[in-house]
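K.L.:
Fold the following and give me the result.
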Amino acid sequence: MKTLKKTIYILFLGLAMVATGCSSDDDNNNEEQNNNQNNAGEEFLRAKIDGTDFEAAQDPAVIVSATVEGGIFAVQGGKNNGETIRATINNYTGPGKYVTGDNLANPNSLNYLTLSPTAAWVSTFNIGSGTVEVTSDDGTTVEGTFSFEGFNADDQTTKSITNGSFKATIE
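P.N.:
Below is the predicted model:
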């Protein structure tokens, strides 16, 4: 079981680093810059981590993204220092409440990741516990709330992520 937890930890950490570090369009044309300025503040991902405010970066760029593809929904937001919160829902069917960490057959996940030091607190399979509630999904923008108790297999600690909310453009 310890090997499974470590494997899951490494997998989610790697996915988060790839997702936050890559962009499908690295052009810096004026149209893109104008769109980013006009949309500033519309997308967000916020929460409290053990009572401390977390908010995804808005400057120099909005670091919030969402995807819905092949029945999988993912939303994440990161800070400039690499702290990231990510939710992944399998068998996504639109607005509703989704659970994480309730049993081995449930791959839905919520993650809080840091780069310095490198660490992850997760709720997935039968680790931790959490909920994601998608309140709106119009095919272009998705909104919702989340909370979870994340577990770090390396140091056996937990983090309480509460009052989570997000609004993101679906890419």
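
K.L.:
so where do the helices sit in this structure?
P.N.:
In the chain, the segments counted as helices under DSSP state H are 2-21, 30-39.

K.L.:
Name the helix or strand of this structure that has the lowest mean pLDDT.
P.N.:
helix 30-39 (a mean of 38; mean pLDDT, DSSP states H and E).

K.L.:
Dig out what Ser129 forms beta bridges with.
P.N.:
Here Ser129 sits in beta bridges with Glu149, going by DSSP bridges.

K.L.:
That one reaches Val122, doesn't it?
P.N.:
No. Taking CB atoms under 8 Å as the definition, Ser129 is not a contact partner of Val122, at 11.0 Å. C-beta here means a position set from N, CA and C on the backbone, and glycine is covered the same way.

K.L.:
neighbour count winner among these two?
P.N.:
Between Ser129 and Val122, counted using other CB atoms under 10 Å, Val122 has the larger neighbour count: 28 against 16.

K.L.:
The more buried one contacts Thr157, correct?
P.N.:
No. Contact between Val122 and Thr157 fails when scored by CB under 8 Å: they sit 11.8 Å apart.

K.L.:
any shared contact partners between those two?
P.N.:
Both Val122 and Thr157 are in contact with Phe151, where contact means CB atoms under 8 Å, 6 or more residues apart in numbering.

K.L.:
Setting aside sequence neighbours, what's the nearest residue to the residue nearest the centre of the chain?
P.N.:
Centroid check for the chain by CA atoms, centre = their mean gives Arg86 as the closest residue, at 1.4 Å. Residue nearest to Arg86 in three dimensions, not counting chain neighbours: Gln76, with 3.8 Å by CB to CB, 6 or more residues apart in numbering.
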